[in-house]
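Asker: sequence plus the predicted model coming up.
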Amino acid sequence: MDVTAGTTQALAPPIDHVGSVPPVAGARRTISVVPVRGLPIVAVVLVGLVVSIAGNWLWALDFFHVVGGGLWTAIDLFVGLVVGPIIGRMSIPARMEFSSRFMPKMVLLMPTLVTMTLGSGFQLARHLGNLSSAYPNHAWIVASFVVVGVMAVIALGLLEPANIAVLFEMRKPQPNGEVIGRLMKRFIYTAGITGLMQVATLVIMTRLASA
Amino acid sequence: MSADSHALLGATDRPAERLPPVTELAIATLALVVAGGVYMAAHIPGRVPLGPAVGLAAAALAVLVVNVAMLSRVSDFAWPTFTRVAGWTLLAYLVIAGMLEYVFVYDHTPGRVLALLSGMLAVFAVNVPLVLGFTVARYQTPASATHEAVGT
């Protein structure tokens, strides 16, 4: 992503009758689609994951899976069921102001958490023999694959594109409030669905952990 | 007039060319790849009956090819934005697909299964940038409109 920043209104003005937001001189703030300062942290996490897999370090794999999965599940639940409905009740200028600060963080955070959770989880299951069809709870493992698969389709096909498109719209000199409102609505609904699906993940994982 | 075309009108102040259902087809591709991946992961490390997985991968590839072909026929589109977004996304998803490939190779996944998984990863790594680039670019001003504005 071009990380050269665009700009938007720091305090967004009201939307005019056609849904576009008039620019206000002197009140513009830089927007970066990808927060560059976070990239070294992502690199450290990914290198740590590769080293843990290569070294067959069970503790490290467990750490990556529990920490990554816990954060992924909690953030999805919180954004989908708490933050999403709050954003949905905001005015479009307020949504824009919030999104311009919130969404770039999500662009970096969520793919990193998903990669570290799934990579370490698959290796952990392989080491513990949970992938084998002889494992008594193999059906629960497959159920977790299905839940993650459905969430991946929703997140990659609908949620993330809406997230990026909103950021690009806000970088325009005159953002279209109607486009932003529609994309934000898509983001809020899909975040809600993935949030609800994370409840299924919690049920499956606690079931497996207590087996 | 649809809501989407109205949004495009608002962005460019002129009628927009009707866009193909890129998002819908990309979601279908993703669903087929994910279904194939789940099917194979459910059998690994045992023997994987490859027939259904090959069918799903072939269907995913076919939908992706149709999708790319339909989009490439659109002339009135913000191609520079699409290329920029899809290019950077492709780089990011090559890293993610590379991580998964590394895990499969590290686990000594058998040759034919590995080849099929690699093919699915390749479809995945192309499909996600396609839908991301399209979703961003459809709301941007097409290059032709910029030239018209400069010309007038």
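Answerer: Structure's in. What do you need? Predicted model, so just to flag it, every value in this text is computed and none were measured. Residues are numbered from 1 along each chain as shown, chains lettered A, B, ... in the order given.
Asker: could you use CA atoms for every contact and neighbour count after this?
Answerer: Will do.
Asker: name the nearest residue to A:L46, sequence neighbours excluded.
Answerer: Leaving aside its sequence neighbours, A:L46 sits nearest to A:M116 (C-alpha to C-alpha, 6 or more residues apart in numbering or on different chains; 7.1 Å).
Asker: and for A:L183?
Answerer: The shortest distance from A:L183 to any non-neighbouring residue, by C-alpha to C-alpha, 6+ apart, is to A:A162 (5.3 Å).
Asker: list the contacts for the one you found?
Answerer: A:183-184, A:186-187, B:135-136 (C-alpha atoms under 8 Å, 6 or more residues apart in numbering or on different chains).
Asker: ok so, going back, tell me, how many residues neighbour the residue nearest to A:L46?
Answerer: 27 (other C-alpha atoms under 10 Å in any protein chain shown).
Asker: can you name the element that comes right after the helix or strand hosting it?
Answerer: According to DSSP states H and E, A:M116 maps onto helix A:92-128. Going down the chain from helix A:92-128, the next helix or strand is helix A:138-154, by DSSP H and E.
Asker: can you give me the angle the helix holding A:M116 makes with helix A:138-154?
Answerer: Going by axes from the mean of the first three to the mean of the last three C-alpha atoms, to 10 degrees, helix A:92-128 is angled at 150 degrees with respect to helix A:138-154.
Asker: what packs against helix A:92-128?
Answerer: helix A:39-55, helix A:58-78, helix A:160-171, helix A:177-209, helix B:79-106 (3 or more C-alpha pairs under 8 Å, 6 or more residues apart in numbering or on different chains; DSSP states H and E).
Asker: now it: buried residues?
Answerer: Within helix A:92-128, the residues that qualify as buried are A:92-97, A:99-100, A:103-124, counting by 16 or more other C-alpha atoms under 10 Å in any protein chain shown.
Asker: same thing with stretch A:162-179?
Answerer: Of the residues in stretch A:162-179, those buried (16+ other C-alpha under 10 Å) are A:162-171, A:173-179.
Asker: and what of stretch B:115-133?
Answerer: B:116-133.
Asker: check A:P14 and give its pLDDT.
Answerer: Listed pLDDT for A:P14 reads 40.
Asker: next: B:G10.
Answerer: 42.
Asker: cool, the one 4 residues further on as well?
Answerer: Per-residue confidence at B:R14 stands at 42 (pLDDT).
Asker: what's the answer for A:V3, then?
Answerer: Value for A:V3, per-residue pLDDT: 40.
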